[in-house]
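Undergrad: Provided below for reference: sequence and predicted model.
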Amino acid sequence: MREALRGLTTRGRSFLAAAVAAALSAVILGEKDLLRVAILLAILPLLAAAYVGRSRYKLACNRSLEPHRVPVGASSRVVLRLQNMSRLPTGTLLLEDRLPYALGSRPRVVLERLGAYQASSVAYTVRADVRGRYEVGPLVVRLTDPFGLCELTRAFPTTDRLTVIPQVTPLPTVRLPGEYAGAGDSRARSVAVHGEDDAATREYRRGDDLRRVHWKSTARTGELMVRREEQPWESRATVVLDTRAAGHRGEGPTASFEWAVSAAASIAVHLRQSGFKLRLVTGSGGDTDATEAAGDGLLLDHLAEVRLNPRGDLGSLVERVRQRSDGGLVIALLGTLDPAEAELLGGLRGNGATCVGFLVDSTTWLNLPPQARAEADRQRGAAALSLIRTGWRVIGVDHGSRLPALWPQAARGSQGFAWRAALAETVAGGMR
């Protein structure tokens, strides 16, 4: 009962205040009829409190998110199913699902009545323009009497998680450099071109099927040799995301870092769909392998939470990539660099790796005066030239650039190399 009295609404407290005022007036004026009115005004909120306080509803709630993973700017539908598990019908129920600020205001839904063992479903939509993982819930149920004089609150402890992933943009299909680099027992080029005698072979390993023994190679080498053309070459790719706070500019969804995160997600998904065995390395310490069917989800979930690192440096990022590097294709999303930082990235060219860098000029996200703009362009050119000299292929990114339009520049072939040479000549001429 004490809890119910504490749950009196403003209307209920007003009734009690009016009852006290009427009672005092009745005593002072000697009006018995006014005293009866005071008693009636006092009884109403007390009866409401007793009604709400003695109601022992057994409620069950189930929440579902459709879908539970959405890209930035998309909406998710939240469905709440509330069921009365007791024989006693409920009164008016006010439902309020608690949401973080990024998902909008808290939805409020009124259910007039739930009969015995009756269930009812309500739905609302949420939308987030910022990446991240958000807790949806807990659900708060407010029980009220028919007159709105008393209100009690019950909360369900369960919550659900909505993951807002970066925007993934479809990319055109191009022939990438290093697409036949990686690891495995045989490359695509190991297919015999002169007949069965030239089949790719390797030494016999315990457990190999004896039907794969290549007897002519065994006779020639004096050791048991087996065919290996049935084990395809794995094209490997590593996507590197620079998370240094010093390398990016802008705030909110339009910042240069958000462009880089969205580009990393788009490139990773595209390479996965192209058959690459993918690895994602971020400057925040993340190192994710996407080898299973659910690999896209792992990558996108990690990119949903990646943040700028105020203390990040390229040296530790390069070392983390090299610890498990076994060649293949390296695609890096890089913020603003100076020539010394660009030289550090040259260490990723080991083990025959092919390196492609999207060099984001984050200063174009700012309105710099002409003199500062010229200095920023000079520094960017020097960093690009330093990368090119170490064997990188560099693709410049400015504010407003679209990844699908830039992606063909990463293709292998004469066009890409001509672009590299033109950039090198332009930068070299500007530095004289």
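TA: Yes, it's here.

Undergrad: How is the protein divided into domains?
TA: 2-53, 59-164, 185-227, 234-431 (automatic domain parsing).

Undergrad: List just the one of those domains that sits closest to residue 173.
TA: domain 234-431 (7.5 Å; CB to CB). C-beta here means a position set from N, CA and C on the backbone, and glycine is covered the same way.

Undergrad: and the closest one, how far from the chain's centre?
TA: How far domain 234-431 lies from its chain's middle: 19 Å, per CA atoms, centre = their mean, to the nearest Å.

Undergrad: the longest helix in the protein is where?
TA: helix 32-53 (DSSP state H).

Undergrad: re earlier: quick one: closest of the domains of the chain to residue 177.
TA: The nearest among those, by CB to CB, is domain 234-431 at 3.9 Å.

Undergrad: Run through the residues that contact residue 335.
TA: 242, 244, 246, 247, 248, 256, 257, 260, 360, 362 (CB atoms under 8 Å, 6 or more residues apart in numbering).

Undergrad: ok, 7 Å please
TA: Residue 335 makes contacts with 242, 244, 247, 248, 256, 360, 362, as judged by CB atoms under 7 Å, 6 or more residues apart in numbering.

Undergrad: For the strand or helix carrying residue 358, give the mean pLDDT please.
TA: Here residue 358, judged by DSSP states H and E, is contained in strand 354-360. Across strand 354-360, the average pLDDT comes to 93.

Undergrad: With stretch 166-181 instead?
TA: Stretch 166-181 comes out with an average pLDDT of 82.

Undergrad: contact partners of it?
TA: For stretch 166-181, contacts defined as CB under 7 Å, 6+ apart pick out 71-73, 131, 187-188, 233, 235-236, 261-262, 265-266, 269-270, 303-304, 327-329, 352, 354, 403-404, 407-408, 410-413.

Undergrad: can you check stretch 60-77 too?
TA: Stretch 60-77 has contacts (CB under 7 Å, 6+ apart) with 78-83, 85, 123, 125-129, 131, 136-137, 139, 156, 160, 162-168, 253.

Undergrad: any idea how far that stretch is from the chain center?
TA: Mean-position distance between stretch 60-77 and its chain equals 14 Å (CA atoms, centre = their mean).

Undergrad: on that earlier part again, dump the contacts of residue 335 into CSV; add distance to residue 101 and secondary structure as well.
TA: What follows is the contacts of residue 335, written out as CSV (distance: CB to CB, whole Å; DSSP: H, G, I helix; E, B strand; the rest coil):
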residue, distance to residue 101, secondary structure
242, 29, coil
244, 28, strand
247, 28, helix
248, 24, coil
256, 24, helix
360, 29, strand
362, 27, helix
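
Undergrad: Any idea which residue is closest to the centre of this protein?
TA: Residue closest to the mean C-alpha point of the chain, counted by CA atoms, centre = their mean, is residue 304 at 1.8 Å.

Undergrad: name the element that one belongs to?
TA: Per DSSP H and E, residue 304 falls inside helix 295-305.

Undergrad: Likewise for residue 342?
TA: In this assignment (DSSP H and E), residue 342 forms part of helix 339-345.

Undergrad: in this structure, what spans have low per-residue confidence?
TA: 1-4, 53-57, 178-200, 205-207, 228-234, 291-294, 326, 351, 412-432 (pLDDT under 70).

Undergrad: in it, which spans are helices?
TA: Assigned by DSSP H, the chain shows helices spanning 2-6, 10-29, 32-53, 215-221, 256-273, 295-305, 314-323, 339-345, 370-389, 403-406, 414-431.

Undergrad: Adding distance to residue 99, write those helices out as JSON lines.
TA: Listed next are these as JSON lines, based on distance: least, CB to CB, whole Å:
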{"stretch": "helix 2-6", "distance to residue 99": "26"}
{"stretch": "helix 10-29", "distance to residue 99": "25"}
{"stretch": "helix 32-53", "distance to residue 99": "26"}
{"stretch": "helix 215-221", "distance to residue 99": "66"}
{"stretch": "helix 256-273", "distance to residue 99": "22"}
{"stretch": "helix 295-305", "distance to residue 99": "17"}
{"stretch": "helix 314-323", "distance to residue 99": "35"}
{"stretch": "helix 339-345", "distance to residue 99": "41"}
{"stretch": "helix 370-389", "distance to residue 99": "41"}
{"stretch": "helix 403-406", "distance to residue 99": "31"}
{"stretch": "helix 414-431", "distance to residue 99": "47"}
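
Undergrad: deepest of those, which one?
TA: Highest mean neighbour count among the helices of the chain (mean count of other CB atoms under 10 Å): helix 256-273, with a mean of 23.

Undergrad: which helices and strands sit right next to that helix?
TA: Packing partners of helix 256-273 (3 or more CB pairs under 7 Å, 6 or more residues apart in numbering; DSSP states H and E): strand 234-241, strand 277-282, helix 295-305, strand 329-334, strand 354-360.

Undergrad: So for residue 20, which of the ones you listed sits nearest?
TA: Closest to residue 20 of those is helix 295-305 (CB to CB; 55.7 Å).

Undergrad: tell me the angle of the closest one relative to strand 234-241?
TA: Orientation check (axes from the mean of the first three to the mean of the last three CA atoms, to 10 degrees): helix 295-305 against strand 234-241 gives 10 degrees.

Undergrad: neighbouring contacts of helix 295-305?
TA: Contacts of helix 295-305 with the rest of the structure, by CB under 7 Å, 6+ apart, involve 131-133, 163-166, 261, 264-265, 268-269, 272, 278, 280, 286, 288, 290.

Undergrad: If anything else comes up later, I'll come back, but that's it for now.
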